[in-house]
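Enquirer: Give me a model of this one.
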Amino acid sequence: FLEMLDIPYTGSDVLGSALGQDKALMKEVFEHEGINIVDWFYILPNDYDLEETKKKAKKIGYPLIIKPANLGSSVGIEVIHGEDELEEKIKECSKYDFKLVIEKMVTDMKEVNISVMGSIFEQKVSAIEEVYKEGEFLDFTNKYEKGSKGTKGAKGVKSQGSKGMASTSRKVPADISAEQKGKVESMAVKAFKALNA
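Expert: Sure, this is the predicted structure:
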């Protein structure tokens, strides 16, 4: 609408925003651009074959993460530990979206965040933050509700109260090597460009 009215705005354009919002399309773009991602596939819960889905899930290997393709903030995300949970978790997750992404869960990792600002012509990266979590993954509670009363979050790091993701326990800069820092920055810029951000 702003483009039709020739009104300047900040942030990504329609294409970049749409690609960044739909995790299935985003992953397809990343694969095409040679950006490393975990094994994954997507289903449409109103039109999928359970047996075929079980085969794909088994090929990737449990545990798996299932998530709505078009939501954020870890809303609707479930962990699938084995085949016996698959159908139930699909049913639960389908309450949030018409398209679901199922992917390999990375269990032994250090989670970091980085932001990229700029355009296709020039990019600038932020400092890299390390995010601490309690539980199997960084869920909505870890992101937004931990420390709402000034309690200690994961790893005993004191959070700042309920201020959106500002209440998440984190360390800036992240405790990573210079080589890892360079890889994260390079991958972030590559993803930024691939999404037309």
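Enquirer: and residue 13, what is it in contact with?
Expert: 3, 196 (C-beta atoms under 8 Å, 6 or more residues apart in numbering). Where C-beta positions appear, they are placed from N, C-alpha and C, glycine not excepted.
Enquirer: Next secondary structure after the helix or strand bottoming out on mean pLDDT in the chain?
Expert: The least trusted helix or strand in the chain, going by mean pLDDT, DSSP states H and E, turns out to be helix 140, with a mean of 51. Moving toward the C-terminus from helix 140, the next helix or strand (DSSP states H and E) is strand 170-171.
Enquirer: Show the residue spans covered by the helices in the chain.
Expert: Secondary structure of the chain (DSSP state H): helices at 14-21, 23-32, 50-60, 83-93, 140, 178-194.
Enquirer: Please work out which of these is packed deepest.
Expert: Highest mean neighbour count of the helices of the chain: helix 23-32, a mean of 17 (counted as mean count of other C-beta atoms under 10 Å).
Enquirer: Report the rounded mean pLDDT for that helix.
Expert: When pLDDT is averaged over helix 23-32, the result is 97.
Enquirer: For it, which helices and strands make contact with it?
Expert: For helix 23-32, the elements it packs on are helix 14-21, strand 100-104, helix 178-194, judged by 3 or more C-beta pairs under 8 Å, 6 or more residues apart in numbering; DSSP states H and E.
Enquirer: Go again with 10 Å.
Expert: helix 14-21, strand 40-43, strand 100-104, helix 178-194 (3 or more C-beta pairs under 10 Å, 6 or more residues apart in numbering; DSSP states H and E).
Enquirer: weakest of those by average pLDDT?
Expert: helix 14-21 (a mean of 92).
Enquirer: just how off-centre is it within its chain?
Expert: Between the centre of helix 14-21 and the centre of its chain there are 14 Å (C-alpha atoms, centre = their mean, to the nearest Å).
Enquirer: just stretch 51-61 next, same as before
Expert: That offset, for stretch 51-61, works out to 22 Å (C-alpha atoms, centre = their mean).
Enquirer: Hmm, residue 58 is touching residue 102, no?
Expert: No - taking contacts as C-beta atoms under 10 Å, residue 58 lies outside contact range of residue 102: 11.5 Å.
Enquirer: Find the residues that touch each one of these two.
Expert: Common contacts of residue 58 and residue 102 (C-beta atoms under 10 Å, 6 or more residues apart in numbering): 64, 86.
Enquirer: just to revisit the earlier point, could you export the helices and strands packed on helix 23-32 as TSV, including distance to residue 70?
Expert: Formatted as TSV, the helices and strands packed on helix 23-32 follow (distance: least, C-beta to C-beta, whole Å):
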stretch	distance to residue 70
helix 14-21	6
strand 40-43	11
strand 100-104	10
helix 178-194	18
